[in-house]
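>>> After the sequence you'll find the predicted model.
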Amino acid sequence: MEDRSHKVLLALVMLFLFAVIVLQYVCPGTECQLLRLRALSHVAAADPYRAEDETPARFVPRFNFSDDDLLRRVDFNIKGDDLIVFLHIQKTGGTTFGRHLVRNIQLEQPCECRAGQKKCTCHRPGKRETWLFSRF
């Protein structure tokens, strides 16, 4: 009987250690959202500019664009003098966007990409003027 109680105790200790290891894997920081049940109740009503400890955020956006600003249509005249300036910021999906800009857009004159290099130049139809230079 005593042997069985030792096995049960050992199993409980092993289960506890396993739970601690899994918890540290899921929540490596000092604060774990899984343990804060009250935070789940008011997630929808939370102010996006306040930190979890209710201190004001250090970064508050200066430009609050309206939906109309974000959804407006801009006419791009490829045959005129318009050009695109695409600023690539690392780790924001810029490479994927730049590749899509060069390869997947239906153009009268496709962009010229150098084999083995990630450089493409897009010329205006019928001219040698560049409207887009891309390094993706």
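All right, it came through fine.
>>> In this protein, mark out all the helices, start to finish.
2-26, 37-41, 67-71, 94-103 (DSSP state H).
>>> List the contacts of the residue sitting nearest the centre point of the chain.
Nearest to the geometric centre of the chain sits Thr92, at 5.7 Å (Cα atoms, centre = their mean). Listed by Cβ atoms under 8 Å, 6 or more residues apart in numbering, Thr92 has no contact partners. All C-beta spots, glycine's among them, are computed from the backbone N, C-alpha and C.
>>> So Glu108 versus Ser134, what's the distance?
18 Å (Cβ to Cβ, to the nearest Å).
>>> ok, now Lys127?
Taking Cβ to Cβ, one finds Lys127 at 18 Å from Ser134.
>>> When these two are compared, which one has more neighbours?
Between Lys127 and Ser134, counted using other Cβ atoms under 10 Å, Ser134 has the larger neighbour count: 20 against 10.
>>> ok, the more buried one - contacts?
Phe86, Gly98, Leu101, Val102, Cys111, Lys119, Cys120, Thr121, Cys122 are the contacts of Ser134 under Cβ under 8 Å, 6+ apart.
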